[in-house]
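In: Predicted structure and sequence below. I'll ask about it afterward.
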Amino acid sequence: MSDSLDTAAKPIKKPKRVLPERFKSYKGVWVFIEHEHGHVHPVSWELLGKGRELADKLGVELAGVLLGGMGEAVRELAAEVGAYGAELCYLARHPVLEDYRNQPYTTGLTELVDTYQPEILLLGATTQGRDLAGSVATTLLTGLTADCTGLDIDPSDRSLLSSRPTFGGSLMCTIVNLATRPQMATVRPRVMTMPARRPDRPLRVVEHGLQLDESAVVTKVLDFVPDVRADKPQLPFADFIVAGGRGLAKPENFTLVTRLASTIGAEVGASRPAVHAGWADVERQVGQSGKTVRPKLYIAAGISGAVQHRVGMEGADVIAGINLDPRAPIFDFANYALIGSAAELLPALERAFARRLAEARARRAQAAEETV
Ligand SMILES: Cc1cc2nc3c(=O)[nH]c(=O)nc-3n(C[C@H](O)[C@H](O)[C@H](O)COP(=O)(O)OP(=O)(O)OC[C@H]3O[C@@H](n4cnc5c(N)ncnc54)[C@H](O)[C@@H]3O)c2cc1C
């Protein structure tokens with residue numbers, strides 16, 4: 001089930017378009033490495049994992065692209081690019097690139113593309129990645145497929161097959177860029193599997209000098225204010241999620257979701273109607289217009305399993321659906337079907353988990369006493 005999100009299908013019929021001669025020399029798969037204050041966004045490593053697969057299918061090199069300020073920290077991140085599977089890292093450092101701003105990053109990335117000519121360029125569908133991908137694609141006059149859920153290669157002509165939901169999520173479409181290079185795509189965090197980190201992999205670093213001028217940049221960074229809200233949900237990276245939907249019927253029942261989540265140390269998720277009803281914050285919405293998650297366990301209570309919800313959570317290792325209706329769509333892809341009222345099953349699950357956790361704690365305490 002964990003790879004089910006990443007299913008780029010071959011288009012049934014493709015119009016014949018010949019790639020213009022000037023793009024035929026474009027080779028290699030690139031991943032833009034997004035970082036802030038020394039921390040790389042995990043989606044960049046996930047994309048290196050997928051990029052490795054695409055590069056191997058094409059028989060070309062995989063490169064990470066790092067832009068940043070003059071500090072050593074950026075150079076140190078380059079080594080990580082190798083650890084996550086790239087054989088090459090393009091590194092462009094300049095004081096103007098210290099903090100992310102659209103204008104100089106667009107100038108820098110488009111210059112790198114024009115110079116080294118990759119055939120594929122992938123970015124995370126994060127706030128920064130979406131901002132940068134749009135302006136780079138526009139500047140390069142190339143195609144960009146946003147928010148892809150699957151990427152693959154068409155072996156017949158080496159083109160990138162970018163799949164994503166369309167028509168409000170009721171259909172999946174596969175988009176192919178037949179006429180320009182690079183072929184660009186953004187992918188949300190947690191859609192692709194995180195590759196294993198192997199620090200011993202060899203890596204070549206190509207340092208590229210950029211001519212940038214601070215006075216030409218219209219936006220100025222005055223201060224950096226980190227988002228320190230302690231209660232900010234970290235849904236995409238949670239191992240356990242208990243989510244509630246419209247079937248819970250009232251806010252008091254949604255608190256049963258919160259209580260089970262707190263007992264087992266899980267994050268709380270919600271379907272769109274539950275968010276619209278005001279039972280959960282919008283940051284907790286899972287699905288096409290919410291977050292994509294990939295937990296070890298996803299408990300969905302009073303959620304029908306509509307495709308727009310499913311695309312956000314079907315990458316979970318184990319899915320348990322709680323629903324009154326045995327024919328609810330969630331049971332088409334859940335690993336466990338708990339058929340009954342969520343108002344009864346959620347407290348029953350909470351009691352069962354609390355009992356098992358207490359027993360486990362008691363066993364650990366006894367074992368610790370015996371070793372003293
Ligand atoms: C463009 C677009 C984007 C969208 N994006 C999202 C998105 O990001 N996330 C999202 O979730 N939706 C999204 N939707 C909405 C989506 O289509 C569904 O309407 C929504 O997911 C349904 O939410 P639900 O399962 O909570 O409610 P329903 O579909 O109403 O399902 C409620 C379920 O609860 C069950 N039930 C009823 N009573 C009980 C009970 N006592 N105990 C247990 N089960 C019970 C019912 O049998 C039913 O299966 C989007 C729609 C569109 C058009």
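Out: Good, I have the coordinates.
In: what secondary structure does the nearest residue to G38 once chain neighbours are set aside sit in?
Out: Closest residue to G38 apart from its sequence neighbours, by Cβ to Cβ, 6 or more residues apart in numbering: A73 at 4.7 Å. Using the backbone N, CA and C atoms, a C-beta is placed for each residue, glycine as well. Recorded secondary structure, A73: helix (DSSP: H, G, I helix; E, B strand; the rest coil).
In: ok, A73 touching E36?
Out: No. Using Cβ atoms under 8 Å, A73 is not in contact with E36, being 10.9 Å away.
In: sorry, back to before: what's the separation between the residue nearest to G38 and A79?
Out: From A73 across to A79, the span is 11 Å (Cβ to Cβ, to the nearest Å).
In: need the residues of the stretch 201-350 of the chain near the ligand, please.
Out: Proximity of the stretch 201-350 of the chain to the ligand (Cβ under 6 Å from any ligand atom) is limited to residues 245-247, 271-274, 285-290, 302-304, 306, 308-309, 312, 322-325, 328, 341-343.
In: Give me the subset of those residues that lies in helices.
Out: 272-274, 308-309, 312, 342-343 (DSSP state H).
In: Filter the residues of the stretch 201-350 of the chain next to the ligand down to the buried ones, PyMOL style.
Out: Typed into PyMOL, the line below selects the buried ones among these, using 16 or more other Cβ atoms under 10 Å:
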select buried, resi 245+246+247+271+272+273+274+285+286+287+288+290+302+303+304+306+308+309+312+322+323+328+341+342+343
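In: need the helices for the protein, in chain order.
Out: With helices called from DSSP H, the chain shows them at 42-58, 72-83, 102-116, 127-140, 251-264, 272-276, 307-313, 342-371.
In: by contact count, what packs against the last one?
Out: In other words, helix 342-371. helix 251-264, strand 297-301, strand 318-323 (3 or more Cβ pairs under 8 Å, 6 or more residues apart in numbering; DSSP states H and E).
In: chain center to that helix, what's the gap?
Out: Here helix 342-371 is found 33 Å from its chain centre; the criterion is Cα atoms, centre = their mean, to the nearest Å.
In: now do the first one
Out: Helix 42-58 sits 12 Å away from the centroid of its parent chain (Cα atoms, centre = their mean).
In: got the buried residues for that helix?
Out: By neighbour count on 16+ other Cβ under 10 Å, the buried set for helix 42-58 is 43-55, 58.
In: tell me the angle of that helix relative to helix 72-83?
Out: Relative orientation of helix 42-58 and helix 72-83, computed by axes from the mean of the first three to the mean of the last three Cα atoms, to 10 degrees: 40 degrees.
In: which other helices and strands contact helix 42-58?
Out: strand 29-32, strand 62-68, strand 120-124, strand 150-154, strand 183-187.
In: What's the mean pLDDT across the shortest one?
Out: Per-residue pLDDT values over strand 29-32 give a mean of 98.
In: from the chain's centre, how far out does it sit?
Out: 15 Å.
In: Then the second one?
Out: Distance of strand 62-68 from its chain centroid, counting by Cα atoms, centre = their mean, is 18 Å.
In: What are the contacting residues of that strand?
Out: For strand 62-68, contacts defined as Cβ atoms under 8 Å, 6 or more residues apart in numbering pick out 28-33, 35, 44, 48, 51-52, 54-55, 74, 77-78, 81, 84-93, 97-98, 105, 108-109, 112, 116, 118.
In: if you set the cut-off to 6 Å instead, what comes out?
Out: Applying Cβ atoms under 6 Å, 6 or more residues apart in numbering, the set of residues contacting strand 62-68 from outside is 28-33, 51-52, 55, 74, 77-78, 81, 86, 88-93, 97, 105, 108.
In: ditto for the first one
Out: Residues from elsewhere that reach strand 29-32, judged by Cβ under 6 Å, 6+ apart: 47-48, 51, 54-55, 62-65, 118, 120-123.
In: Please repeat the previous calculation with a cut-off of 7 Å.
Out: Outside strand 29-32, the residues that touch it by Cβ atoms under 7 Å, 6 or more residues apart in numbering are 44, 47-48, 51, 54-55, 58, 60, 62-65, 109, 118, 120-123, 129, 132.
In: Next: stretch 281-292.
Out: For stretch 281-292, the surrounding residues in contact (Cβ under 7 Å, 6+ apart) are 165, 169, 188-191, 233, 235-236, 243, 268-272, 275, 293, 308-309, 311-313.
In: Only alpha carbons, please: show it as PDB.
Out: Provided in PDB are the C-alpha atoms of stretch 281-292 (Å, rounded to 0.1, in the frame of the first residue of the first chain):
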ATOM      1  CA  ASP A 281      -8.300  23.400  12.500                       C
ATOM      2  CA  VAL A 282      -7.800  23.600   8.800                       C
ATOM      3  CA  GLU A 283      -4.200  22.500   9.300                       C
ATOM      4  CA  ARG A 284      -5.500  19.100  10.300                       C
ATOM      5  CA  GLN A 285      -7.400  18.500   7.100                       C
ATOM      6  CA  VAL A 286      -6.200  15.400   5.300                       C
ATOM      7  CA  GLY A 287      -6.700  15.000   1.500                       C
ATOM      8  CA  GLN A 288      -6.500  16.600  -1.800                       C
ATOM      9  CA  SER A 289      -6.900  20.200  -0.500                       C
ATOM     10  CA  GLY A 290      -5.300  19.400   2.800                       C
ATOM     11  CA  LYS A 291      -2.200  17.500   3.900                       C
ATOM     12  CA  THR A 292      -0.700  14.300   2.500                       C
END
